[in-house]
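Undergrad: return a 3D structure for these sequence lines:
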Amino acid sequence: MKKIESLKILPYIGRKIIGINNENIREIIYKSYRIIYKIDSNTILILRVWHSARLLSRNYIPMKR
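TA: Modelled structure (predicted):
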């Protein structure tokens, strides 16, 4: 998954999530999946891998870690 590996070099490549007021929580799309991640200092935390056919609720994204 080159797209996820690219986050090491370009962590802000993913788009901000509408409705989430946090610059460091972003998403990338890989095939039919939305990969929600958080940029935390020098670490990328994968918060959720979600099939894009399902609606994403704000309750399913952990905001504090």
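Undergrad: check which helices and strands the helix or strand harbouring residue 4 sits against.
TA: Using DSSP states H and E, residue 4 sits within helix 2-5. With contacts taken as 3 or more C-beta pairs under 8 Å, 6 or more residues apart in numbering; DSSP states H and E, helix 2-5 sits against strand 25-30. Heads up, the C-betas are built off the backbone N, CA and C, glycines and all.
Undergrad: strand partners of the strand it packs on, parallel vs antiparallel please.
TA: Strand 25-30 pairs in its sheet with strand 15-16 (antiparallel), strand 33-40 (antiparallel), by DSSP bridges.
Undergrad: so how far is the shortest one from its chain's centroid?
TA: Taking C-alpha atoms, centre = their mean, to the nearest Å, one finds the center of strand 15-16 at 8 Å from the center of the full chain.
Undergrad: quick one: contacts of it?
TA: 23, 25, 26, 27, 28 (C-beta atoms under 8 Å, 6 or more residues apart in numbering).
Undergrad: now with 10 Å, please.
TA: The contact list for strand 15-16 (C-beta atoms under 10 Å, 6 or more residues apart in numbering) reads 22, 23, 24, 25, 26, 27, 28, 29.
Undergrad: and for the third one, the neighbour number?
TA: Burial of residue 24 is recorded as 15 neighbouring residues (other C-beta atoms under 10 Å).
Undergrad: roughly how far apart are it and residue 2?
TA: Applying C-beta to C-beta, to the nearest Å, the value for residue 24 to residue 2 is 22 Å.
Undergrad: before we move on, what about the fifth one?
TA: Per C-beta to C-beta, residue 26 is found 17 Å from residue 2.
Undergrad: between these two, tell me which one has more neighbours.
TA: It is residue 26, of residue 26 and residue 2, that has more neighbours when counted by other C-beta under 10 Å, with 22 against 6.
Undergrad: who touches the residue nearest to that one when sequence neighbours are not counted in this structure?
TA: Sequence neighbours aside, residue 14 is the residue nearest to residue 26 in space, at 3.5 Å (criterion: C-beta to C-beta, 6 or more residues apart in numbering). Contacts for residue 14 (C-beta under 10 Å, 6+ apart) come out as 3, 6-7, 25-29, 34-37, 39, 44.
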